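1. After the sequence you'll find the predicted model.
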Amino acid sequence: MNLVFTGVQGSGKGTQAKIVSEKLGMPHISTGDLLRNSQGKLKKEIDSYISFGKLVPDSLMINVLNERVSGNDYLEGFILDGFPRNLKQAEELDKIVQINKMIEVHISDEEARRRIRGRWNCRKCEAIYNTFTLPKPKIERYCDKCNEPLYQRDDDSNDSFVNKRIEIYHKETEPVLAYYHSIRINGEQGIEKVTKDILKEI
Ligand code: AMP
């Protein structure tokens, strides 16, 4: 089964994609992570979009994805997190593989802003904490596992970039929800309840 997880920034789509991929033993492919971890000469160009809350151009995004995803990943089933983010990307994806279900983790824009403002990340183990919701770090701004100082993503720490990403989500990504007849899950519940609701649907 090939799944797509989507949701406005801060919805918890990445957290849920990770949990469900572990529970079901399916590869989890996050395009945000692929882009953030890219190396070499493309890194500077990619960062110039991500840091300002803009989408990376489709051709570049599709190249990065093709480099990571082999035919075998597609055959065995996967969870795509953060892709496709517009209709053009959905059409490109359809040429390669059939998507069986799209899950939308839904929260209000107001809740998205609140969660993004509270999001802190660990560079070393990539754990994600939230000072307003859960999980909170035991020692403020330090990773529980690595003791490393936590950081905020450039695109999370600036209100105008956060608003820009929410606006792009409504304008460009929402049409994809209709395209795949996505299933809406209430993301404003506890993490475990959201996972339970998703598993019921898939
Ligand atoms: P995410 O981790 O899913 O919130 O993605 C972080 C950022 O990566 C986004 O704001 C975009 O700049 C970029 N990005 C991730 N996925 C895509 C995509 N499918 N198309 C274009 N840009 C993307």
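-> Looks like it came in fine. Numbering: from 1, shown residues only.

2. residue contacts, the residue in the chain positioned nearest to the ligand?
-> Relative to the ligand, the nearest point of the chain is residue 32 (2.0 Å; C-beta to the nearest ligand atom). All C-beta atoms are positioned from the backbone trio N, CA, C, and that covers glycine. Listed by C-beta atoms under 8 Å, 6 or more residues apart in numbering, the contact set of residue 32 reads 14, 50, 81-82.

3. which parts of this structure sit against the ligand?
-> Residues of the chain lying near the ligand by C-beta under 6 Å from any ligand atom: 9, 31-32, 35, 49-50, 53-56, 61, 82-83, 85, 89, 155, 165.

4. Mind jotting down where the helices sit in this protein?
-> For the chain, the helices defined by DSSP state H occupy 13-24, 31-36, 42-50, 58-68, 71-76, 87-96, 109-117, 159-168, 174-179, 191-201.

5. which stretch in the ones you listed is the model least sure about?
-> Among the helices of the chain, helix 71-76 has the lowest mean pLDDT, at a mean of 66.

6. just to revisit the earlier point, compare the contacts of residue 32 and tell me which has the most neighbours.
-> Counting neighbours by other C-beta atoms under 10 Å, residue 81 comes out on top of the contacts of residue 32 with 26 neighbours.

7. for the record, mean pLDDT for stretch 138-151?
-> 95.
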